[in-house]
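Peer 1: just to be clear, the model below is a prediction. Sequence and coordinates:
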There are 2 protein chains.
Amino acid sequence: MKQPSVTIIGSGNVAFHLGIALKESGFPIVQVYGRRMERARWLADKVSATPADSLSDIHNGADVYFLAVSDDAIESLSQKLKLPGKVVAHTSGSQPTPSLQTVSARTGVFYPLQSFKIGRKVDWTHLPILLTGEDEVLAKLFPLARALSKHVAVITDAQRSALHLAAVFINNFTNHCFTIAREITDDAQVDFSHLTPLATHTVKQALEHDTRDLQTGPARRNDLQTIRHHLSLLADDPALKAVYESMTQHIQTYYDKA
Amino acid sequence: MKQPSVTIIGSGNVAFHLGIALKESGFPIVQVYGRRMERARWLADKVSATPADSLSDIHNGADVYFLAVSDDAIESLSQKLKLPGKVVAHTSGSQPTPSLQTVSARTGVFYPLQSFKIGRKVDWTHLPILLTGEDEVLAKLFPLARALSKHVAVITDAQRSALHLAAVFINNFTNHCFTIAREITDDAQVDFSHLTPLATHTVKQALEHDTRDLQTGPARRNDLQTIRHHLSLLADDPALKAVYESMTQHIQTYYDKA
């Protein structure tokens, strides 16, 4: 059976990793287009595709078109592209499917739930690829996804939206909690490495157990004396104090101790 | 050289793990006292000590006294105990040293920076034990700490206070971010396991790199459209919306994009 061919629109992190992975799985890459022409040409070269120097150079010779661009570029691109009858999928966790409907009637979403960086290797085998679209769109996207990963699921726009929001908590906010901890220890001129075993323990536990059973600390115990003491330490940093207060209040409410 | 002997006041998680570890390292445990008498007797039995059924039964036959009790019990206990000339140390991250000065002139802090649970094994070898006190107190506490762990350091009250606050961000708030993510996916009836690879990746990276270089997401990019969308998803949950807003604002300010 002939492998479906692909055109990649975008030259950022997702476009790069997706293009390479599809090429390595044997799918022909027809064209690569990117706003930053140098990068697009470089990626086109890597995946043996023809670079498209302008949007109007993108032709209808591929089966599937991936819009692997930044969220706010999806709408404007989809107004400029006309690819009737082709499957056009964006790769964004936060954008709904319908924003592509001016491009083609056959639109979908191909959302790899991971944070990508050029130059860092991606393990596609267990990377969740979450698909959204009508059945005939899914029929085209599913084999591509399965060729890359064992973890493929079909979800709705609302479910993808929820996953994207949850990912902000799991990835962005967790990461920033570490940064805040480092700032606090730096300010007090105490070695951050005293916290390493606790951090290792915390994340190991969080991945292995239900975190609701693991919650400890002053907010969980409703230890108002310690909470007041912590707030006094943060008195001259209102933005950080607001983080501490809102998180503490949410934990208290969540465990019904407010 | 004769090992210094120890009396444990407390029968909770820290008292339990500390008592067992000291006993296993060859330090004689003289007495164990705990408000919950059943537990104290059980722990006394485990560490071959005499249980003290009331505070007035605690005698001055030990060299070092550990107050391994809840934060708010330290002050009241230290008003009731008279152990002149003895080294008395509490194990709390959030309490300053001076609160013990009515008990003895030789007070200190012996703070194991880890979250303990009875029934879960503790790896003491790499567990940071952070000591505070005058030199003659440290001279007594240091050998005990070193017998348990390779990671022993002397810090000030202010540094311990900062570490305790930082630990809330690293442990409690990170853990709660996972809980929130689970709630969001449960509400949307989408499988939490789609987030597992991202979570694994996040925590692995956070432990291996400087998290300031890893920060991504809508707040870091100042992607106001996505932030607005996320806030709209949280519109009917003001407490959670406040967490999202304060964390987002702190990330924006931190990276100078506000």
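Peer 2: Sure thing, it's come through. Numbers count the residues shown, from 1 in each chain, chains lettered A, B, ... in the order given.
Peer 1: quick check: A:Tyr65 touching A:Gly85?
Peer 2: No - A:Tyr65 sits out of contact with A:Gly85 when judged by Cβ atoms under 8 Å, with a separation of 11.2 Å. Where C-beta positions appear, they are placed from N, C-alpha and C, glycine not excepted.
Peer 1: joint contacts of these two?
Peer 2: A:Ser104 (Cβ atoms under 8 Å, 6 or more residues apart in numbering or on different chains).
Peer 1: these two: who's more crowded?
Peer 2: A:Tyr65 (26 against 8; other Cβ atoms under 10 Å in any protein chain shown).
Peer 1: any idea how far the helix or strand of chain A with the lowest mean pLDDT is from the middle of the chain?
Peer 2: Least confident helix or strand of chain A, by mean pLDDT, DSSP states H and E, is helix A:71-80 with a mean of 85. Taking Cα atoms, centre = their mean, to the nearest Å, one finds helix A:71-80 lying 18 Å from the centre of the chain it belongs to.
Peer 1: where's the very next helix or strand once past it relative to the chain centroid, distance-wise?
Peer 2: Following helix A:71-80 in sequence order, the next helix or strand is strand A:87-90 (DSSP states H and E). How far strand A:87-90 lies from its chain's middle: 17 Å, per Cα atoms, centre = their mean.
Peer 1: A:Lys23 touches A:Ser48, doesn't it?
Peer 2: Yes - between A:Lys23 and A:Ser48 there is a contact under Cβ under 8 Å: 6.9 Å.
Peer 1: overlap in contacts, these two.
Peer 2: What both A:Lys23 and A:Ser48 touch, as defined by Cβ under 8 Å, 6+ apart, is the set A:Ile29.
Peer 1: residues near A:Glu183, how many?
Peer 2: Neighbour count for A:Glu183, taken as other Cβ under 10 Å: 18.
Peer 1: that one and B:Asp256, how far apart?
Peer 2: 14 Å (Cβ to Cβ, to the nearest Å).
Peer 1: could you do A:Phe27 as well?
Peer 2: Applying Cβ to Cβ, the value for A:Phe27 to B:Asp256 is 41 Å.
Peer 1: A:Ile184 too?
Peer 2: Relative to B:Asp256, and taking Cβ to Cβ, A:Ile184 is found at 19 Å.
Peer 1: quick one, which of those two is more surrounded?
Peer 2: For A:Ile184 versus B:Asp256, neighbours defined as other Cβ under 10 Å are more numerous around A:Ile184 (26 against 7).
Peer 1: name the nearest residue to the more buried one, sequence neighbours excluded.
Peer 2: Leaving aside its chain neighbours, A:Ile184 sits nearest to B:Ala166 (4.3 Å; criterion: Cβ to Cβ, 6 or more residues apart in numbering or on different chains).
Peer 1: OK, contacts around that neighbour?
Peer 2: A:180-182, A:184-185, A:192, A:195.
Peer 1: for ChimeraX, write the selection for the buried entries among the residues you listed.
Peer 2: Buried subset of these, written as a ChimeraX selection, criterion 16 or more other Cβ atoms under 10 Å in any protein chain shown:
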select /A:180,181,182,184,185,192,195
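Peer 1: in helices, which of the contacts of B:Ala166 fall?
Peer 2: Assigned to helices by DSSP state H, the following of these qualify: A:180-182, A:184-185.
Peer 1: for the host helix or strand of A:Leu18, buried residues please.
Peer 2: A:Leu18 is located in helix A:13-24, with elements delineated by DSSP H and E. Buried positions in helix A:13-24, judged by neighbour count with 16+ other Cβ under 10 Å: A:13-23.
Peer 1: name the residues that touch the next helix or strand after that helix?
Peer 2: Downstream of helix A:13-24, the first helix or strand assigned by DSSP H and E is strand A:29-33. For strand A:29-33, the external contacting residues (Cβ under 8 Å, 6+ apart) are A:5-11, A:15, A:19, A:22-23, A:40-41, A:43-44, A:47-55, A:57-59, A:61-62.
Peer 1: what do you get if the cut-off is 6 Å, keeping everything else the same?
Peer 2: Residues outside strand A:29-33 that contact it (Cβ atoms under 6 Å, 6 or more residues apart in numbering or on different chains): A:5-9, A:23, A:40, A:43-44, A:47, A:49-52, A:58, A:61-62.
Peer 1: reformat the contacts of B:Ala166 as CSV; add pLDDT and distance to B:Thr125.
Peer 2: Converted to CSV, these look like this (pLDDT from 0 to 100; distance: Cβ to Cβ, whole Å):
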residue, pLDDT, distance to B:Thr125
A:Ile180, 98, 28
A:Ala181, 97, 23
A:Arg182, 96, 24
A:Ile184, 97, 26
A:Thr185, 97, 22
A:Phe192, 95, 20
A:Leu195, 95, 17
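Peer 1: got the contacts of B:Ala166 as TSV, with distance to B:Ser115 columns?
Peer 2: Formatted as TSV, the contacts of B:Ala166 follow (distance: Cβ to Cβ, whole Å):
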residue	distance to B:Ser115
A:Ile180	18
A:Ala181	14
A:Arg182	19
A:Ile184	18
A:Thr185	18
A:Phe192	18
A:Leu195	12
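Peer 1: what is the nearest of the contacts of B:Ala166 to B:Leu207?
Peer 2: Nearest to B:Leu207 among the contacts of B:Ala166 is A:Leu195, at 10.6 Å by Cβ to Cβ.
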